[in-house]
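[1] I'd like to go over a predicted model; first the sequence, then the structure.
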Amino acid sequence: MISLSRRTALDMVYTKKIDEETLVATASDVLEHEGIEALSMRRVAQALGVRASSLYHHFPDKSALLRAVAEKGLRQLAEVLERAAERTGPDPQQQIRALAIAYHEWALAHPRLYLMLFGSTPVEERPSPLGQAVSAPMLAAAAQLVGEQKAVAATQAAWALVHGFVTLELAGQMRLGVPLEGLLLGVEAFVQGLRASRINGP
């Protein structure tokens with residue numbers, strides 16, 4: 001038989017109010033520390049100390065919660081990239097270099113979140129890899145180098161370059177040298193190629 005004090009404690013746990021921001025932050029923590037396989041409505045509820053059923057007042061299912069976690073991650077990445085571009089100054093070449101470094105650092109600091117956003121997670125559980133807010137700083141820098149017409153293509157090429165390096169590094173495939181040095185060498189060659197295409201035309 002459960003004592004009155006224990007029953008009261010349990011009732012307090014199960015009736016504790018949670019808001020959506022706290023729920024998403026907790027889900028993000030579970031993802032970062034335990035992986036996407038461990039992320040479930042029940043696990044998040046356990047971490048919060050509430051009944052799993054209470055989470056469904058905020059999100060109808062796990063997919064909806066994952067989308068919220070992904071949106072939160074994209075906002076964080078967009079802010080990081082925006083600050084990197086702002087700190088660098090007006091030179092587009094330096095901006096692209098700074099954006100590549102910031103993207104690389106963020107991905108390595110949040111590997112499981114990064115792989116959920118840009119890895120093999122089913123499409124319905126993640127937003128577009130080139131969300132407008134994330135791509136805006138690179139689009140602006142690319143437009144200065146190659147013009148508005150080629151800016152989207154240049155941004156896609158830049159993302160493919162940086163994402164490729166990050167993905168290989170997270171998979172443990174960058175065993176020779178320092179991956180960041182290789183990334184920056186690639187970025188430098190990429191920028192020089194953009195400059196040449198602007199000078200030489202289509």
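    On my side now, so go ahead.
[2] when you work out contacts or count neighbours from here on, use the C-alpha atoms and nothing else.
    Will do.
[3] what does the pLDDT read for Leu48?
    According to the prediction, Leu48 has pLDDT 93.
[4] tell me which residues touch it, please.
    23, 26 (Cα atoms under 8 Å, 6 or more residues apart in numbering).
[5] now Arg42: closest residue in space, sequence neighbours ignored.
    Excluding its sequence neighbours, the residue lying closest to Arg42 (Cα to Cα, 6 or more residues apart in numbering) is Ala52, at 5.1 Å.
[6] can you verify my assumption that that neighbour contacts Ala45?
    Yes - assessed by Cα atoms under 8 Å, Ala52 is found in contact with Ala45 at 5.0 Å.
[7] quick one: average pLDDT of the helix or strand containing Glu79?
    Glu79 is part of helix 62-88, with elements assigned from DSSP states H and E. When pLDDT is averaged along helix 62-88, the result is 93.
[8] could you chop the protein up by domain?
    8-60, 70-200 (automatic domain parsing).
[9] show the subsequent helix or strand relative to the least confident helix or strand in the chain by mean pLDDT.
    Every helix and strand of the chain was ranked by mean pLDDT, DSSP states H and E. The lowest is helix 4-14, at a mean of 43. Of the helices and strands lying after helix 4-14 in sequence (DSSP H and E), the nearest is helix 20-34.
[10] angle of that following helix against helix 62-88?
    Between helix 20-34 and helix 62-88, the angle comes out at 90 degrees (axes from the mean of the first three to the mean of the last three Cα atoms, to 10 degrees).
[11] buried set for helix 20-34?
    For helix 20-34, the neighbour count (16 or more other Cα atoms under 10 Å) marks 23-24, 26-32 as buried.
[12] which strands and helices sit next to that helix?
    Under the contact definition 3 or more Cα pairs under 8 Å, 6 or more residues apart in numbering; DSSP states H and E, helix 20-34 sits against helix 41-48, helix 62-88, helix 111-118.
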